[in-house]
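> Show me how the following folds:
(one chain, ligands or ions: 1)
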Amino acid sequence: NKIKIFSPATVANVSCGFDVLGFCLDSIGDEMVIRKVDKKGIAITRIEGFDLPFEAELNVAGVSALAMYNSLDLSFGFEIEIYKNIKPGSGIGSSAASAVGSVFGMNELLGRPFSKTQLTEFAIKGEALASKCEHADNLAPALFGGFTLVKSVSPLKILEIPSPDDLYATIIHPQIEIKTSESRAVLPKEVPLSDAIEQWANLGSLVHALHTSDYELISHSLRDVIIEPYRSQLIPYFDNVKEAVLNVGALGAGISGSGPSIFSLSKGLDTANKVKDAMHDVYSKTDIAFDIHVSKIN
Ligand code: HSE
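Predicted coordinates for the structure are as follows:
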């Protein structure tokens with residue numbers, strides 16, 4: 001009647017796949033304990049790590065839990081404990097981890113009545129509370145693992161994309177907060193056709209490269225001509241980090257989700273660790289606190 005779960009951090013967009021592509025990290029995530037209780041409803045009983053609302057209707061994990069709970073007619077309820085490791089506003093899917101964790105745990109306790117896609121539907125409600133819009137590019141990889149592509153939100157269609165065996169991500173999280181809603185506000189409403197052509201060519205070739213384990217093509221496809229020029233201005237030393245990681249052999253780098261975290265992809269753990277050192281060198285010369293994670297992409 002009780003389950004403890006790990007709800008992973010995720011990298012959304014992956015340069016050319018704004019709002020559709022994402023991948024899952026295995027080295028950082030939240031923990032949650034979900035308990036079946038006699039009292040009906042959803043109660044958040046403990047939150048550690050960050051200061052977040054206890055009222056279920058105001059809490060991302062609570063909103064997705066309520067979306068699922070209200071779709072059922074149960075004679076019992078659930079209590080949720082949240083041990084938050086992913087800082088809100090860090091760009092690695094903090095709200096998605098919360099939104100997914102509660103519904104995943106409840107589904108397990110109920111004997112898995114819902115598919116992962118249905119769980120994503122409930123989690124979208126929680127995500128929307130945080131980012132003011134319904135997108136699933138962090139939710140899908142948190143639930144399915146690996147790389148996912150959200151083909152459409154309505155109706156929700158998620159594709160699982162394979163990835164090469166030796167693909168690693170290195171993520172630096174500068175400790176400044178950028179709210180997703182704010183970093184969406186800086187984006188243009190219209191894009192030139194020539195940029196759109198370049199972007200969808202890159203997204204198509206990145207997906208192809210992931211299918212065929214073509215590291216060189218991954219490297220050539222990790223470009224973002226539409227979003228990065230605007231958002232990178234909100235991230236101190238973004239260009240320096242990008243240059244430094246490419247110099248030590250990274251396949252590419254870009255903004256993780258809506259920032260400020262910066263992700264980089266590498267072939268092999270050795271290179272991923274060199275990328276970590278290169279990121280460290282750039283940020284240790286500044287007065288901004290940061291942390292860095294290396295994760296295998298499974
Ligand atoms: N695709 C979203 C964005 C992810 O970039 O705004 C952040 O939640």
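> Please identify the residues of this protein in proximity to the ligand?
When proximity is defined by CB under 6 Å from any ligand atom, the chain lies next to the ligand at 12, 13, 18, 19, 131, 135, 137, 138, 180, 184, 257, 258. (Glycine included, C-beta is placed from N, CA and C.)
> Quick check: strands, which of these are part of them?
residue 12 (DSSP state E).
> could the residues of the chain next to the ligand go into JSON lines alongside pLDDT and neighbour count?
Converted to JSON lines, the residues of the chain next to the ligand look like this (pLDDT from 0 to 100; neighbours: other CB atoms under 10 Å):
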{"residue": "12", "pLDDT": "97", "neighbour count": "31"}
{"residue": "13", "pLDDT": "98", "neighbour count": "25"}
{"residue": "18", "pLDDT": "97", "neighbour count": "22"}
{"residue": "19", "pLDDT": "95", "neighbour count": "15"}
{"residue": "131", "pLDDT": "78", "neighbour count": "19"}
{"residue": "135", "pLDDT": "87", "neighbour count": "21"}
{"residue": "137", "pLDDT": "96", "neighbour count": "27"}
{"residue": "138", "pLDDT": "97", "neighbour count": "35"}
{"residue": "180", "pLDDT": "83", "neighbour count": "23"}
{"residue": "184", "pLDDT": "90", "neighbour count": "16"}
{"residue": "257", "pLDDT": "96", "neighbour count": "29"}
{"residue": "258", "pLDDT": "94", "neighbour count": "26"}
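> And the helices in the stretch 151-298 of the chain, which stretches?
180-185, 193-212, 215-221, 228-231, 238-247, 269-284 (DSSP state H, counting those that start in this stretch).
> And the contacts of the fourth one?
By that I understand helix 228-231. 15, 183, 186, 187, 188, 254, 255, 258, 259 (CB atoms under 8 Å, 6 or more residues apart in numbering).
> Let me see the ranges of the strands in the stretch 1-150 of the chain.
With DSSP state E, counting those that start in this stretch as the criterion, the stretch 1-150 of the chain has strands at 2-12, 21-37, 41-48, 77-83, 147-153.
> before we move on, the earlier item: now, which of the residues of the chain next to the ligand sits nearest residue 80?
Among the residues of the chain next to the ligand, residue 138 lies closest to residue 80 (CB to CB), at 19.3 Å.
> quick one: that closest one and residue 127 touch, right?
Yes - using CB atoms under 8 Å, residue 138 is in contact with residue 127, at 7.1 Å.
> Now do the shared contacts for those two.
Common contacts of residue 138 and residue 127 (CB under 8 Å, 6+ apart): 95, 96.
> What does the pLDDT read for residue 129?
Looking at residue 129, its pLDDT is 90.
> My understanding was that it contacts residue 60; is that so?
Yes - Residue 129 lies in contact with residue 60 (CB under 8 Å); the separation is 5.4 Å.
> Need the residues touching each of those two.
Taking CB under 8 Å, 6+ apart as the contact rule, residue 129 and residue 60 both touch residue 95.
> list the contacts for residue 217?
205, 206, 208, 209.
> Neighbours of the third one, how many?
So the one you mean is residue 208. Using other CB atoms under 10 Å, residue 208 is surrounded by 13 other residues.
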